[in-house]
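# Generate coordinates for the sequence data below:
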Amino acid sequence: MPKLTVNGIEVEVENGASVLQACEEAGFEIPRFCYHERLSIAGNCRMCLVDMERAPKPIASCAMPAADGMVIDTQSERVKKAREGVMEFLLVNHPLDCPICDQGGECDLQDQAMGYGEDSSRYVENKRAVDEKHMGPLIKTVMTRCIHCTRCVRFATEVAGVPELGAIGRGENMEITTYLEKTLASELSANVIDLCPVGALTSRPYAFVARPWELNKVESIDVMDAQGANIRVDARGGQVMRVMPRLNEQVNEEWISDKARYAIDGLRRQRLDTPYIRDKSGRLQKASWDDALAAVGAALKKAKAKGTAAIIGDQLDGEAIFAMKSLMDKIGSPHRDCRQDGAKLNPKVRASYLFNSTIEGADEADAILIIGSNPRIEAPVMNARIRRNHLMNKVAIAHIGSQADLTYPVKYLGDDIAVLEEIAAGTHAFAKTLAKAKKPMIILGNGALTRKDGAAILGRAKTIADNTKMVTAEWNGFNVLHTAASRVAAMDLGFVPGKDGLDTQGILKGANDGTIKLVWLLGADEVDMSALEKAFVIYQGHHGDKGAGVADIILPGAAYTEKDGTFVNFEGRVQRGARAAFPPGEAKDDWAIIRAVSAVINKTLPFDNAADCHAAMVEAVPHLGALDEIAPAKWAKFGTSTKLLAEPVGAGLDQFYMTCPISRASETMADCLRASKADANLMAAE
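As a prediction, this is how the structure comes out:
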């Protein structure tokens, strides 16, 4: 490990570290525009210049490897003069847009001009002007502000895996643009807005909406997929204005998906803000909470325990799930399920429904088999990790399912599930690849698990894991990639059929034939609503989506940005989300609604506030109280050995943008879906 001296302080850094990193390690800030820790080194802004002993001129510290015995000076007069000169050149053509620029208050150029620039400009000639570029409905471009740092180009190529950004022209005439002037076709595209150090790339939906100092900033968890990306929710008054990523190396690093960032305008549309009761004419009428709770109580008493069932949705917090399970236990009904998509998961073996390798483990895998999943649209940030592993280590990746561009090369094994039998038997070529690997990995998606033979596929996947020694004391390569943010918490809490209870398909069948009299949909909008026409339906949720359309009673709940709650991501990591704004109108927290219903039917639940509900949940399942930790899961027997069906394997999702009540209510997501289809049609025509 090299030792070097920075401003008289000796510092030791890892092999391969740059001089810039050594200076930061010694506690000295180095200005930069083009350098970014997660992107390749470009060395083209020259803002990071420092003096090195015996060097004839200042060096670019981002591109210079740290070596033993180096003597670095970051505060010399020559360095100061060099930085002032670089800043002057950067500002020569930069427009005076600060008062109207959406980057104002969060602009690296503003900050570094104040810290390292001069107090006046000597440039009196006309500034250059650059035409705006089309990058889709999410990214607003003002390319006259661009300083050619190329962060956006490197991100699109290296991280997103969509090399559609590049530079044309040279010198002052250089311009960053998309090829063919089309939408940037990536589910991670809006991360270039965070990367841009100036106001060249800003958020189109957020344009001229608010200034950063006007916003109340709250740390929370994303529920648009099951990865549990750490986010910051910025709100003004009662309205969520934007979502930004938070740094968490173990989960999402510093990236979030476009849906996590921009589906939030759906929180302002089609909201349920007051209870409703369907009258005798079949119309939903507004009601008071007292009337709605009384109607729910009467319906529960009429249906009785054996005729009552509950299905929960994909974006619920652990406290709401626990409250609903507690109520169903009090009522005495075993008919409940969290798997509204019908996934054949084994609730008794925790290792059978977790991403056991962990998200960070995707960096270490040396052979990956993906079955019935498209990680690019089901977990875009996770997919970027897999892509990085391939780029760095040339890891072998095979895919069974619908053919798709995952942004990295894969060995496509077709969509016939019979291939899985060959791999399990060890006769397929990729079985040998898995057996030779030190850390092999299986990623099992909902496209496989939601089939009628899902349990058999689960069993074959376990056989492959056992035969290839995928599970050892140090490594577990068996992984399930969920698409529902609430799924793991619900499985941990046991929100599955009790003794003689019905699962989702059984509940729908029972509702259709009359054995199930009442179905409580707690945020559940993805089931076949036509099967519920004969049953009495209570819908508790935050949007007037599919569930509300068939409901006899509607109880307005809070969305994920409007409540404190516990979430568990697909690797089993426990995280907490916080309230950024209050729910609209008379809507209330889900646990509070369920607690109120329990009092009406004289089966009062033993908690009166959110803290008590959380404490009761942790008492029932202790590992849900260990924040940012993953409880160990024991490897045991699961799955079946029944015959596989001869039907093609699909993916968990067929499109990325509109997959839940919030994103379906989002105009921005609708624009993105239209743009992606238009670009796909254009490319097909060409």
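
# Identify each of the helices in the stretch 301-450 of the chain and give its residue range.
Counting by DSSP state H, counting those that start in this stretch, the stretch 301-450 of the chain forms helices over residues 318-331, 375-378, 380-393, 418-425, 429-436, 446-449, given from the N-terminal end onward.

# Can I get those helices in JSON lines including distance to His482 and mean neighbour count?
Backbone N, C-alpha and C define where each C-beta goes, glycine included. Converted to JSON lines, these look like this (distance: least, Cβ to Cβ, whole Å; neighbours: other Cβ atoms under 10 Å):
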{"stretch": "helix 318-331", "distance to His482": "14", "mean neighbour count": "24"}
{"stretch": "helix 375-378", "distance to His482": "8", "mean neighbour count": "25"}
{"stretch": "helix 380-393", "distance to His482": "11", "mean neighbour count": "21"}
{"stretch": "helix 418-425", "distance to His482": "20", "mean neighbour count": "18"}
{"stretch": "helix 429-436", "distance to His482": "23", "mean neighbour count": "17"}
{"stretch": "helix 446-449", "distance to His482": "7", "mean neighbour count": "28"}
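
# quick one, which of the ones you listed is nearest to Asp545?
Smallest distance to Asp545 across those (Cβ to Cβ): 16.8 Å, for helix 318-331.

# ok, back up a step: mean pLDDT added to the helices of the stretch 301-450 of the chain, as JSON lines?
Written out in JSON lines, the entries for the helices of the stretch 301-450 of the chain read as follows (pLDDT from 0 to 100):
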{"stretch": "helix 318-331", "mean pLDDT": "97"}
{"stretch": "helix 375-378", "mean pLDDT": "96"}
{"stretch": "helix 380-393", "mean pLDDT": "96"}
{"stretch": "helix 418-425", "mean pLDDT": "93"}
{"stretch": "helix 429-436", "mean pLDDT": "94"}
{"stretch": "helix 446-449", "mean pLDDT": "95"}
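
# Of all the ones you listed, which one comes closest to Phe656?
Judging these by Cβ to Cβ, what sits closest to Phe656 is helix 375-378, at 4.0 Å.

# ok, what's across the strand from Leu521?
Ile311, Tyr539 (DSSP bridges).

# quick one: contacts for it?
310-311, 313, 527, 537-541, 547, 551 (Cβ atoms under 8 Å, 6 or more residues apart in numbering).

# Model confidence score at it, please.
The model reports Leu521 with a pLDDT of 97.

# now the helices of the stretch 301-450 of the chain as CSV including distance to Ile593?
As requested, the helices of the stretch 301-450 of the chain are exported to CSV (distance: least, Cβ to Cβ, whole Å):
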stretch, distance to Ile593
helix 318-331, 8
helix 375-378, 30
helix 380-393, 32
helix 418-425, 43
helix 429-436, 48
helix 446-449, 29
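
# Considering the contacts of Leu521, which possesses the most neighbours?
Scoring these on neighbours with other Cβ atoms under 10 Å, the highest-scoring entry is Gln540 at 31 neighbours.

# So for that one, what's the pLDDT?
According to the model, Gln540 carries a pLDDT of 97.

# Which residue comes closest to it once chain neighbours are left out?
With Cβ to Cβ, 6 or more residues apart in numbering as the criterion, Gln540 has its nearest non-adjacent residue at 4.2 Å, and that residue is Leu555.

# That neighbour and Asp291 touch, don't they?
No - counting by Cβ atoms under 8 Å, no contact exists between Leu555 and Asp291, whose distance comes to 11.6 Å.

# count of residues packed around Leu293?
With other Cβ under 10 Å as criterion, Leu293 counts 20.

# That one: helix or strand, and which one exactly?
For Leu293, the enclosing helix or strand under DSSP states H and E is helix 289-303.

# which strands and helices sit next to that helix?
The helices and strands touching helix 289-303, judged by 3 or more Cβ pairs under 8 Å, 6 or more residues apart in numbering; DSSP states H and E, are strand 276-278, strand 518-522, strand 536-541, strand 553-556, helix 590-600.

# and the ones you listed as a markdown table, adding distance to Asp363?
Putting the helices and strands packed on helix 289-303 into a markdown table (distance: least, Cβ to Cβ, whole Å) gives the following:
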| stretch | distance to Asp363 |
| --- | --- |
| strand 276-278 | 49 |
| strand 518-522 | 36 |
| strand 536-541 | 37 |
| strand 553-556 | 43 |
| helix 590-600 | 36 |
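
# Among these, single out whichever gets nearest to Cys152.
If you check each of the helices and strands packed on helix 289-303 against Cys152 by Cβ to Cβ, strand 536-541 wins as the nearest, at 37.9 Å.

# quick one: Phe478 from Ser357, how far?
The span separating Phe478 from Ser357 equals 8 Å under the rule Cβ to Cβ, to the nearest Å.

# would you list every one of the strands in the stretch 451-600 of the chain?
When assigned using DSSP state E, counting those that start in this stretch, the strands of the stretch 451-600 of the chain occupy the ranges 478-481, 518-522, 536-541, 553-556, 565-568, 574-577.

# on that earlier part again, neighbour count winner among Leu555 and Asp291?
The neighbour count for Leu555 versus Asp291, taken as other Cβ under 10 Å, is higher for Leu555 (26 against 14).

# how about the more buried one, what does it touch?
Counting by Cβ under 8 Å, 6+ apart, Leu555 makes contact with 275, 292, 296, 538-540, 593.

# Take the residues you listed and lay them out in JSON lines including distance to Gly43.
Formatted as JSON lines, the entries for these read as follows, by distance: Cβ to Cβ, whole Å:
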{"residue": "Pro275", "distance to Gly43": "61"}
{"residue": "Ala292", "distance to Gly43": "64"}
{"residue": "Val296", "distance to Gly43": "65"}
{"residue": "Ile538", "distance to Gly43": "62"}
{"residue": "Tyr539", "distance to Gly43": "57"}
{"residue": "Gln540", "distance to Gly43": "56"}
{"residue": "Ile593", "distance to Gly43": "57"}
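
# Break down the stretch 101-250 of the chain into its strands, ranges please.
For the stretch 101-250 of the chain, the strands identified by DSSP E, counting those that start in this stretch occupy 139-141, 165-168, 175-178, 201-203, 216-221, 230-236, 239-245, in order along the chain.

# Rebuild the ones you listed as CSV, extending it with distance to Gly115.
Rendered in CSV, the data for these read as follows (distance: least, Cβ to Cβ, whole Å):
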stretch, distance to Gly115
strand 139-141, 27
strand 165-168, 28
strand 175-178, 25
strand 201-203, 22
strand 216-221, 23
strand 230-236, 24
strand 239-245, 23
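
# Which residue comes closest to Met64 once chain neighbours are left out?
Nearest non-adjacent residue to Met64 (Cβ to Cβ, 6+ apart): Val19, at 4.5 Å.

# For Lys306, find the nearest of the helices and strands packed on helix 289-303.
Going by Cβ to Cβ, the one of the helices and strands packed on helix 289-303 nearest Lys306 is strand 518-522, 10.6 Å.
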